[in-house]
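A.B. asks: Build the 3D model from these lines:
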Amino acid sequence: MKLHRLFAVSSVLAITLPFALEQGATHAAPPAAKSAESAPAAPATPKDSCKTFGAGKCCSPDVTMHLPKDAIFAACGQSEATLIGEAASKDKFTCKYHFKIEGEDSEDTTVQIYVGRAKEVPDRPTDPFFSYKRVGKVWMTDKAKSPKAAAMSRGTTGLYRAGKGYYLMVSASTKVCDRAQVARLAKSLK
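C.D. replies: Predicted coordinates:
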């Protein structure tokens, strides 16, 4: 029986050893000069780098895919020339675009996107301070429910959109986008 096993192992080695040696030699040989067609591609570089605001970092594509900056430019009448930069939050769920508006503080001239995660996502915002009106698939702040909230709503307009397992909240400074522009911006939320 032992002889039978030895014979089986030697038969397998006799068949596979030349193939293994040939493969090993092929891999061990120095590479021949390659043509331009077979040369490996250069490592991919980021498609576009971003302008950052202050010490901020570039926003996560997981956030910006829901509202690209080009959509903000188109809806709000802004451009690369007025964009000071973007700043991602530490948790990577928030992105703030800061704009240069004559005579205004850049901390107050922003469009902020927040992507929240939840198992149960409400179809509409459950905000005790504001009422909302529907603009397509998006909810937009309509009226403040208290004087304190009214003061806050004069400076920003909010958007809310429910997704599957997530929700989007956008807060746009009225110095960057007026209410009509924010309504156009609502159509760009993905």
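
A.B. asks: what about the residue lying closest to R184 once chain neighbours are set aside, helix or strand, and which?
C.D. replies: Leaving aside its sequence neighbours, R184 sits nearest to A75 (CB to CB, 6 or more residues apart in numbering; 4.2 Å). Where C-beta positions appear, they are placed from N, C-alpha and C, glycine not excepted. Assigned by DSSP states H and E, A75 belongs to helix 69-76.

A.B. asks: sorry, back to before: the residue nearest to R184 and A180 touch, don't they?
C.D. replies: No. Using CB atoms under 8 Å, A75 is not in contact with A180; the gap is 9.4 Å.

A.B. asks: hmm, back to that, show me what contacts the residue nearest to R184?
C.D. replies: A75 makes contact with 177, 181-182, 184-185, 187-188 under the criterion CB atoms under 8 Å, 6 or more residues apart in numbering.

A.B. asks: circling back to that earlier point, past the helix holding A75, which element shows up next along the chain?
C.D. replies: Counting by DSSP H and E, what follows helix 69-76 is strand 83-88.

A.B. asks: ok, the residue nearest the centre of the chain to P68 distance?
C.D. replies: Geometric centre of the chain, nearest residue: P61, 2.0 Å, by CA atoms, centre = their mean. To P68, P61 is 10 Å away according to CB to CB, to the nearest Å.

A.B. asks: how near is E120 to K190?
C.D. replies: In this view, E120 and K190 are 21 Å apart by CB to CB.

A.B. asks: Neighbour count for these two, which is higher?
C.D. replies: Using other CB atoms under 10 Å, the more surrounded residue of E120 and K190 is K190, with 10 against 5.

A.B. asks: Is it correct that that one is in contact with L67?
C.D. replies: Yes. With contact defined as CB under 8 Å, K190 reaches L67; the gap is 7.2 Å.

A.B. asks: Closest to S49 out of the contacts of A75?
C.D. replies: The nearest member of those to S49, counting by CB to CB, is S188 at 22.6 Å.

A.B. asks: and that closest one, what is it in contact with?
C.D. replies: When contacts are counted by CB under 8 Å, 6+ apart, S188 touches 67-68, 71-72, 74-75.
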